[in-house]
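J.: Below: sequence and its predicted model.
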Amino acid sequence: MKKLFVLLISVGFLFSLTASAQSSAWYQTPEGQVSCKKINDQGDRLRVVLDNGEKKNIPAASVSSYFIDDKLFVKKELFTDGVKQEQFMEFLKTRDDMSLFLFSDKGSYRYLVYKGDELFVEVLEGNRDEFMRFFHMN
């Protein structure tokens, strides 16, 4: 009985090692999801290292989202300096029909709330506490 217990524990441990060795990074295009080892967002393009070691430059316009380091980045429309642009933002949380995103903008961070695909409100000092409570981020 002891040997069976040790065997089951060993098999579980080995299974967890092989599962964690699989790629956990990917990017999504209209053609489908592509698994990769590494993604580097460079604004107008993404530099990726595929699972087979091949390096590629992917136009950011063709990518709708990507996942790296346990973080999901989704392309959303945003007005920056009066110009409508699509930017990748880190998805943080969703509640009801609203989603909270974190956008890194020139060294500072902006929290943005989207209702569906439309920007609902930017989280500022005056409404920060209310939205952080709403999304249970305290």
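T.: Alright, I've got the coordinates.
J.: ok, now which ones touch residue 30?
T.: By C-beta atoms under 8 Å, 6 or more residues apart in numbering, residue 30 lies in contact with 62, 64. (Each C-beta comes from the backbone N, C-alpha and C, glycine too.)
J.: Now it, what are its backbone angles?
T.: Backbone torsions for residue 30, taken as degrees, to the nearest 10, come to phi -60, psi -20.
J.: Low-confidence bits of the chain, can you list those?
T.: Per-residue confidence for the chain (pLDDT under 70) gives these ranges: 1-23, 138.
J.: Could you pull out the strands in it for me?
T.: Secondary structure of the chain (DSSP state E): strands located at 25-29, 32-41, 45-50, 55-59, 65-68, 71-80, 83-95, 98-105, 108-115, 118-123.
J.: Sheet partners, orientation included, of the first one?
T.: Using DSSP bridges, the strands paired with strand 25-29 in its sheet are strand 32-41 (antiparallel), strand 65-68 (antiparallel).
J.: if we compare the ones you listed, which one ends up closest to residue 127?
T.: Closest to residue 127 of the strands paired with strand 25-29, according to C-beta to C-beta: strand 65-68, at 26.8 Å.
J.: ok, the nearest residue to residue 43 once chain neighbours are set aside to residue 87 distance?
T.: If the residues on either side of it in the chain are set aside, residue 43 comes closest to residue 60, at 6.9 Å by C-beta to C-beta, 6 or more residues apart in numbering. Here the distance between residue 60 and residue 87 works out to 9 Å (C-beta to C-beta, to the nearest Å).
J.: Nearest to residue 82, out of the strands paired with strand 25-29?
T.: Shortest distance between residue 82 and the strands paired with strand 25-29, using C-beta to C-beta, is found for strand 32-41: 23.1 Å.
J.: unless I'm mixing things up, residue 46 is touching residue 65, no?
T.: No: taking contact to mean C-beta atoms under 8 Å, the distance of 10.9 Å between residue 46 and residue 65 leaves them out of contact.
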